[in-house]
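Peer 1: this one's sequence-less:
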């Protein structure tokens with residue numbers, strides 16, 4: 001439930017939805033470039049979210065280790 005309160009999560013969801021909408025628009029208009037850009041942006045949105053979560057988790061572990069010393 002904590003993830004549903006995360007702003008990073010909702011920004012990622014919004015980015016994914018807009019990227020999917022872009023892909024669909026590209027497919028509907030037979031524009032392969034727009035469809036490809038939409039697909040690439042959805043992959044980047046997921047990758048950036050995963051990176052941010054890993055970075056935050058790493059900092060939390062680092063902070064915990066420093067507090068234990």
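Peer 2: That came through fine. This structure is a prediction, so every number in the text was calculated from the model and none was measured.
Peer 1: What segments of this protein are helices?
Peer 2: 7-28, 32-68 (DSSP state H).
Peer 1: from these, which stretch is densest packed?
Peer 2: Highest mean neighbour count among the helices of the chain (mean count of other CB atoms under 10 Å): helix 7-28, with a mean of 14. Heads up, the C-betas are built off the backbone N, CA and C, glycines and all.
Peer 1: I'd like the average pLDDT over it.
Peer 2: Helix 7-28 comes out with an average pLDDT of 91.
Peer 1: and that helix, what other elements does it pack with?
Peer 2: Packed against helix 7-28 by the contact rule (3 or more CB pairs under 8 Å, 6 or more residues apart in numbering; DSSP states H and E) you find helix 32-68.
Peer 1: Quick one: residues contacting residue 36.
Peer 2: Shown in contact with residue 36 (CB atoms under 8 Å, 6 or more residues apart in numbering): residue 26.
Peer 1: tell me the pLDDT at it?
Peer 2: 93.
Peer 1: likewise residue 66?
Peer 2: The predicted local confidence for residue 66 is 79.
Peer 1: Likewise for residue 69?
Peer 2: 65.
Peer 1: cool, and residue 4?
Peer 2: Confidence score, pLDDT, at residue 4: 80.
Peer 1: that older thread, can I get the helices of the chain in TSV including distance to residue 1?
Peer 2: Listed next are the helices of the chain as TSV, based on distance: least, CB to CB, whole Å:
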stretch	distance to residue 1
helix 7-28	11
helix 32-68	16
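Peer 1: residue contacts, residue 25?
Peer 2: Residues in contact with residue 25 (CB under 8 Å, 6+ apart) are 31, 34, 38.
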